[in-house]
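> coordinates only, sequence not included:
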Ligand SMILES: [Zn+2]
């Protein structure tokens, strides 16, 4: 099944492909100050795939902090945080922020608070290799979303 998300103004979105039913998705609420600021709830599926679609490349903001391993993808038009990508051993891996799913499945689990403080780079990469979703890339898209919301 394919699940689509996009920022509020429609400039940046994703397609998340997973065989898991939404009620079985692991939903994580990272407690770092960035994720708390956005109220982020993320999910991933190592057997699925993600493609980020950028309709307005000028609005794609990549934000890095902490260990400097990860691009947090933010729309600089509407401020939404849509997800994150990292590269490990030449493989692109991603999580998606389920807050920007359209439509949002109704039967998602409550988020599990997570803290990754003090994790080494090696430990972080190993955890992500086992849990994050293979990412096909961040791809410019020329087509327009047809159902923009005000
Ligand atoms: Zn936006």
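Structure received. Predicted, not measured: the structure shown is a model, and the values here were computed from it.
> ok, residue 63 - contacts?
Listed by C-beta atoms under 8 Å, 6 or more residues apart in numbering, the contact partners of residue 63 are 34, 71-74. The C-beta positions use only the backbone N, C-alpha and C, and glycine is treated the same way.
> between those residues, which is closest to the ion?
The ion has its nearest neighbour among the contacts of residue 63 in residue 74, at 8.6 Å by C-beta to the ion.
> returning to what we had before: going by distance to residue 61, which of the contacts of residue 63 wins?
Closest to residue 61 out of those is residue 74 (4.4 Å), distances taken as C-beta to C-beta.
> burial of that closest one, as a residue count?
Residues lying near residue 74 (other C-beta atoms under 10 Å) number 23.
> And the contacts of whichever strand or helix holds residue 125?
Assigned by DSSP states H and E, residue 125 falls within helix 121-131. Outside of helix 121-131, the residues within contact range by C-beta under 8 Å, 6+ apart are 26, 44, 46, 67, 69, 86, 88-89, 91, 93, 116, 119.
> try 7 Å this time
44, 46, 67, 69, 86, 88, 93, 116 (C-beta atoms under 7 Å, 6 or more residues apart in numbering).
> ok, now how distant is residue 74 from residue 66?
15 Å (C-beta to C-beta, to the nearest Å).
> cool, and residue 109?
In terms of C-beta to C-beta, residue 109 sits 26 Å off from residue 66.
> Near the ion, which residues of the chain are found?
7, 9, 11, 75, 77-78 (C-beta under 5 Å from the ion).
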